[in-house]
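Novice: build the 3D model from these lines:
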Amino acid sequence: MSIATLIRTGLELRRLRSREYWTRLELEAYQARALDRLRAFVYANSPFYQRFHNGLVNRPLAELPILTKPIMMDNFDELVTDRSLQLKHVESFLAGMSATERFRDKYVVTSTSGTTGRRGIFLSDPGEWAAYMAPFARSQVWAGMSPSPTRPRRTAHVVSTVPWSVSARAAASFNTALGLSTALGHGLRLDPLEPLESIVQRLNEWQPQVLTCYASMAGILAGEQLEGRLHIAPDLITTVAEVLTPDQRARIARAWGRQPYNVYGSTESAIAAECERHSGLHVFEDVMIPEVVDEDGAPVLPGNYGDRLVITALFRRTQPLIRYEISDMVRMSPEHCSCGRVFGLIDGIQGRVEEVLVFDGLNGGQVRIDPIFFEPLLGPIRALAWQVVQEPEELVVRFSGLSGDVSCEHIGEMLRRELRARGAFAPRITVLSVAEIPRTGGGKAPLVKSQIPAAPG
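Specialist: I've put the predicted structure just below:
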């Protein structure tokens, strides 16, 4: 991270921290002003939004159309406000970029993996990148890790090292932004696709004080600690990028005697993080405006899961995201955290809409099974990790580190019984004990996924 970006991130972090104990009226007034500034800039500089919001420029935010990733990518050249940018040039840059290289020596370029469909590509200028990073820095402060440039802490990130992933870009610059790392090399970056034995060995050698992992990897490493193969004592464990299950959280707490801090972000924006009370994920409402909506785009009341999360990123100007759809199913809490911070809480994340499994119904029609259905059934089983994959003619359930006295046949029978209780016709169910759960090219291990092609249209 350059000195200029480090300074920008530090200044942005200071601004963010000054807003945490605003009243709700103060926060909403700030959101309204920031949104007005964003929309005025966008309507003056983005031909796409001039068309997309035609006749709606004075309408409330909730009345604007929802922007999907395919719409954004199909209109990339006219959506961006730097009129010299073209998607073909950005894609060419992505093909050979390094984890620290910037497009035209200015823009940080990140991309989604495309596992849920077409990949999204996002550009951030230095100010926008600092604004993206600062909320994550704030979450570390909430966890008790205040910036200390004179006392850098040894950090380890076990996240994707693919250069275009936001995990890799953030890990490359995040430590410096917090004063957790310096040019002397106080940060270790490991790819979750490395052999587990290698990851354990390198962590044992490094002895990190701060450990940041995908949730699935944190659960596996906690198991390695409990089995006596991993010997580290981190002061802070942060889980990112995947749903953190109650079973994973409990295993991490047993392994290291402390609760993990869960952080919720996307390639598009930082979204939420836990504070020291661990009562839910505080939504970064001074960075983006969230809307939990159903499949028709109607708002969903707190206490209920939505089908989509729609965000408006207040800090993005180069590539504006106004009412941008993220396919996560989240639930806002009707309660507020006792810590006194003004931000609303997310108290549940089911996963992505693309992870919903659809079965034939016992009485005709189809039955939707949300990802959260499987966690209370499979989480308590004595194993390091599990994964459910729906194939066209089969439901495959994989366990790594499965206890030898657990019957795969009995697990299959239990799942078939529970699915039937939901009115779903259970296809052939295959339960496997495997050495490791397969991971995506970005190193993630989704708990539930469907291999059934989406219906056309």
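Novice: switch to C-alpha atoms for all contacts and neighbour counts from now on
Specialist: OK.
Novice: name the nearest residue to L384, sequence neighbours excluded.
Specialist: Spatially, and ignoring its direct neighbours in sequence, L384 is nearest to G401 (4.9 Å; Cα to Cα, 6 or more residues apart in numbering).
Novice: which ones are touching the one you found?
Specialist: For G401, the contacting residues are R382, A383, L384, A385, S433, V434, A435, E436, by Cα atoms under 8 Å, 6 or more residues apart in numbering.
Novice: between those, which is nearest H231?
Specialist: L384 (17.2 Å; Cα to Cα).
Novice: identify the residues contacting the closest one.
Specialist: L384 neighbours (Cα under 8 Å, 6+ apart): G219, I220, G223, F399, S400, G401, L402.
Novice: which of those sits closest to W129?
Specialist: G219 (29.7 Å).
Novice: burial count for G144?
Specialist: By the measure other Cα atoms under 10 Å, the count of residues near G144 is 13.
Novice: let me fix that: D286
Specialist: 21.
Novice: just among the contacts of L384, which is most surrounded?
Specialist: Highest count within those by other Cα under 10 Å belongs to G219, 25 neighbours.
Novice: for it, give its distance to P47.
Specialist: Distance from G219 to P47, counting by Cα to Cα, to the nearest Å: 46 Å.
Novice: in three-state terms, label the residue of the chain most remote from its centre for me.
Specialist: In terms of distance from the mean C-alpha position of the chain, N363 ranks first, at 37.0 Å (Cα atoms, centre = their mean). Here N363 is recorded as coil under DSSP: H, G, I helix; E, B strand; the rest coil.
Novice: and the nearest residue to it once chain neighbours are set aside, what are its phi and psi?
Specialist: In this structure, N363 finds its nearest non-sequential neighbour in G423, 7.4 Å apart by Cα to Cα, 6+ apart. The phi/psi pair for G423 (degrees, to the nearest 10) reads phi 80, psi 10.
Novice: since we're on G423, how many residues are nearby?
Specialist: Per other Cα under 10 Å, the neighbour tally for G423 reads 18.
Novice: how about it, what does it touch?
Specialist: Contacts for G423 (Cα under 8 Å, 6+ apart) come out as G361, L362, N363, V367.
Novice: phi and psi next, for the third one.
Specialist: Per-residue torsions, N363: phi -110, psi 30 (degrees, to the nearest 10).
Novice: run the chain-centre distance for the host helix or strand of K88.
Specialist: Per DSSP states H and E: K88 is located in helix 87-94. In terms of Cα atoms, centre = their mean, to the nearest Å, the centre of helix 87-94 is found 24 Å from the chain centre.
Novice: chain center to the next helix-or-strand element following it: distance?
Specialist: On the C-terminal side of helix 87-94, the closest following helix or strand by DSSP H and E is strand 108-111. In this view, strand 108-111 has its centroid 15 Å away from the chain centroid, taken as Cα atoms, centre = their mean.
Novice: does anything pack onto strand 108-111? Which helices or strands?
Specialist: Secondary-structure packing of strand 108-111 (3 or more Cα pairs under 8 Å, 6 or more residues apart in numbering; DSSP states H and E): strand 121-124, helix 166-178.
Novice: could you give the average pLDDT over the longest one?
Specialist: Read it as helix 166-178. Averaged over helix 166-178, pLDDT sits at 62.
Novice: quick one: the closest residue to L188 other than its chain neighbours from A134, how far?
Specialist: Excluding the flanking residues, the one nearest L188 by Cα to Cα, 6+ apart is A156, at 4.5 Å. Distance of A156 to A134, computed by Cα to Cα: 19 Å.
Novice: and A170, by the same measure?
Specialist: With Cα to Cα as the criterion, A170 and A134 are 11 Å apart.
Novice: check A298 too.
Specialist: In terms of Cα to Cα, A298 sits 31 Å off from A134.
Novice: more crowded one of those two?
Specialist: For the pair A298 and A134, the greater number of neighbours falls to A134 (27 against 14), based on other Cα under 10 Å.
Novice: mind giving me the packing neighbours of the host helix or strand of that one?
Specialist: Here A134, judged by DSSP H and E, is contained in helix 126-142. Under the contact criterion of 3+ Cα pairs under 8 Å, 6+ apart, helix 126-142 touches helix 3-18, helix 166-178, strand 270-274.
Novice: now that helix against strand 270-274, angle please.
Specialist: Interaxial angle of helix 126-142 relative to strand 270-274 (axes from the mean of the first three to the mean of the last three Cα atoms, to 10 degrees): 10 degrees.
Novice: can you give the contact residues for helix 126-142?
Specialist: With Cα under 8 Å, 6+ apart, helix 126-142 has contacts from 5-6, 8-10, 12-13, 16-17, 106-108, 146-147, 170, 174, 177-178, 263, 269-270, 273-276, 284, 287, 315-317.
Novice: tell me the strands beside the helix or strand following that helix, with direction?
Specialist: Using DSSP H and E, the next helix or strand after helix 126-142 towards the C-terminus is strand 155-158. Its sheet considered, strand 155-158 pairs with strand 187-190 (parallel), strand 210-214 (parallel) by DSSP bridges.
Novice: before we move on, back to that, N58: which of the contacts of G401 is nearest?
Specialist: Using Cα to Cα, the contacts of G401 come closest to N58 at A385, 50.0 Å.
Novice: now the closest one. Its backbone dihedrals?
Specialist: The phi/psi pair for A385 (degrees, to the nearest 10) is phi -160, psi 160.
Novice: what's L38 in contact with, if anything?
Specialist: Neighbours of L38 in contact, by Cα under 8 Å, 6+ apart: L314, R317.
Novice: pLDDT (mean, whole number) over the helix or strand harbouring it?
Specialist: Element membership for L38 (DSSP H and E) is helix 24-45. Summarised as a single mean, pLDDT over helix 24-45 is 97.
Novice: next, the buried residues of it.
Specialist: L27, Q31, A34, L35, L38, R39, V42, Y43, N45 (16 or more other Cα atoms under 10 Å).
Novice: just checking, next helix/strand downstream of that helix?
Specialist: helix 47-52.
Novice: restricting the selection to alpha carbons, write the helix holding K88 to PDB.
Specialist: The C-alpha trace of helix 87-94 is given here as PDB (Å, rounded to 0.1, in the frame of the first residue of the first chain):
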ATOM      1  CA  LEU A  87     -14.300  -3.100 -20.400                       C
ATOM      2  CA  LYS A  88     -12.100  -4.800 -23.100                       C
ATOM      3  CA  HIS A  89      -9.100  -2.900 -21.800                       C
ATOM      4  CA  VAL A  90      -9.800  -3.800 -18.100                       C
ATOM      5  CA  GLU A  91     -10.300  -7.500 -19.000                       C
ATOM      6  CA  SER A  92      -7.000  -7.500 -20.900                       C
ATOM      7  CA  PHE A  93      -5.300  -6.000 -17.800                       C
ATOM      8  CA  LEU A  94      -7.000  -8.600 -15.500                       C
END
